[in-house]
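**Student:** Okay, predicted coordinates and the sequence, questions at the end:
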Amino acid sequence: MSERGTDLPNVLTVAGSDSGGGAGIQADLKTMLALGTHGMSVLTAVTAQNSLGVQGAWELPVEAVRAQYRSVVDDIGVQAVKTGMLASAELVETVAELIAGTDAPAVVDPVGVSKHGDALLAASALDSVRTKLLPVATVATPNLDEVAQLTGVRVETETDLRRAAAAVLEYGPRWVLIKGGHLAGDAVDLLTDGGEEHWLRAPRLDNRHTHGTGCTLASAVACGLAQGQSVPEAVAAAKEYVTGAIRAGFALGGGIGPVDHGWALRRGTA
Ligand SMILES: Nc1ncnc2c1ncn2[C@@H]1O[C@H](COP(=O)(O)OP(=O)(O)OP(=O)(O)O)[C@@H](O)[C@H]1O
Ligand SMILES: Cc1ncc(CO)c(N)n1
C-alpha cells in the first residue's frame, strides 16, 4: 500500500477556473492538497483572469456540469462539497439539486463579483441562490458585498454582522459565516447557526496580495468537515489557514497577487 493510506477524505469543488491560478478551482485544489485531502473538481465556467481582473468568462453547458458531478460522486464518492462561481440561474439550480441528492456536507460560497468588481454571477441568478442553493448549504460563506446583494443588509460595523447573519439564515443554510474581510480594523468574521455565535478575529494584514481569500477559506472549511470536524472546529482551522496564506501572499503580475496556499505545507520545514 502507498503512504497515502486509505483514509484521505475526498473533497469536491464545483466552481469556475481562474487562469491566473489564484482563485476559483485552482485555489480550491491547492487548499485541498495543503490540508491533507484528495481534491476533485466540477468545472462550471472558464475565466480569462489575472492579477489585473477578469478579461472574459464562459460558462459550461448544464449537461457538462451534471456529467462531471455524476462521474465523481457515483464512482469515487465525496466527504464534502464546496461551491464557488456558478455563473447562471440554470447552473445554480442544477448544482443545488445535485447537492440535495448527495449525502455530504456542503460549503456554499455564493460568489458574486471578483475582487476587481467583475461579475461572476448573472443578476438573474440571485433569486435561485436565495431559494435553491442557500437552503442546501451546511455552511454559507458570503462576503459583505454578497450579503448586501442577497439580503439588502449593508454592513458597516461589527454589530451589523449579526443582522446580516440573521438575514442570510432566513434562507435556510444550517450555518452562516459572514466574512468581514472588507471592513476596516481587524479581519473579523461571524459564524452562527442562529443559536451559537463564534467570532473569528485575526489581525488585519498589510498585504495587498489577497486574490482568492474567499475561495481558500471556503475550501478549507470543506476539508475540515470532510475530516470529521464540527462546523465551528472546521471554520476556526480554516481561518488560521487563510490568515497564514494571506501573510505569505506574494506579488504576481502587475496587480493583486495571490495568497500562498503552500505556506502550511512548509510549516516546520524551513
Ligand atoms: N487584509 C486581511 N488581513 C487578514 N485577513 C483578511 C484580510 N482580508 C481578508 N481577510 C480574511 O480572509 C477571509 C476571506 O474574506 P474576504 O472578505 O476577503 O473574502 P472574499 O471577498 O470572498 O474573497 P475573494 O472574492 O477574493 O475570494 C476572511 O476570513 C477575512 O476576514
Ligand atoms: C473563477 C473565480 N471564482 C471565484 C473568484 C472569487 O473572487 C474569482 N475571482 N474567480
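**Tutor:** Looks like it came in fine. Ligands and ions are numbered 1, 2, ... in the order given.
**Student:** Low-confidence ranges, the stretch 1-150 of the chain, go.
**Tutor:** The stretch 1-150 of the chain contains residues with pLDDT under 70 at 1-6.
**Student:** interface residues of it facing ligand 1?
**Tutor:** 23, 115, 143 (Cβ under 6 Å from any ligand atom). The C-beta positions use only the backbone N, C-alpha and C, and glycine is treated the same way.
**Student:** Give the closest residue to the first one in space, chain neighbours not counted.
**Tutor:** Put plainly, it is residue 23. Once flanking residues are discounted, residue 23 sits nearest to residue 212: 3.8 Å by Cβ to Cβ, 6 or more residues apart in numbering.
**Student:** try the last one
**Tutor:** The shortest distance from residue 143 to any non-neighbouring residue, by Cβ to Cβ, 6+ apart, is to residue 179 (4.6 Å).
**Student:** shouldn't that neighbour be in contact with residue 189?
**Tutor:** Yes. Assessed by Cβ atoms under 8 Å, residue 179 is found in contact with residue 189 at 5.1 Å.
**Student:** picking that back up, roughly how far does the residue nearest to residue 143 sit from residue 56?
**Tutor:** Plainly put, residue 179 is 27 Å away from residue 56 if you go by Cβ to Cβ, to the nearest Å.
**Student:** Looking at those two, which is more packed in?
**Tutor:** More neighbours surround residue 179 than the other of residue 179 and residue 56, with 26 against 10 (other Cβ atoms under 10 Å).
**Student:** what's whichever helix in the chain runs longest in contact with?
**Tutor:** Counting by DSSP state H, the longest helix found in the chain is helix 231-247. Outside helix 231-247, the residues within contact range by Cβ atoms under 8 Å, 6 or more residues apart in numbering are 31, 34-35, 138-139, 174-175, 177, 187, 189, 191, 193, 196, 198, 200, 202, 205, 207, 209-210, 213, 216-218, 220-225, 227, 229, 259-261, 263-264, 267.
**Student:** if we go to 6 Å?
**Tutor:** With Cβ atoms under 6 Å, 6 or more residues apart in numbering as the test, helix 231-247 has contacts from 139, 175, 177, 191, 198, 200, 202, 205, 207, 210, 213, 216-217, 220-221, 224-225, 259-261, 263-264.
**Student:** Likewise for stretch 253-263?
**Tutor:** 22, 30-31, 34, 50-52, 208-209, 211-213, 216, 244-246, 248-251.
**Student:** Would you list the buried entries among the residues you listed?
**Tutor:** 22, 30-31, 34, 50-51, 209, 211-213, 216, 244-246, 248-249 (16 or more other Cβ atoms under 10 Å).
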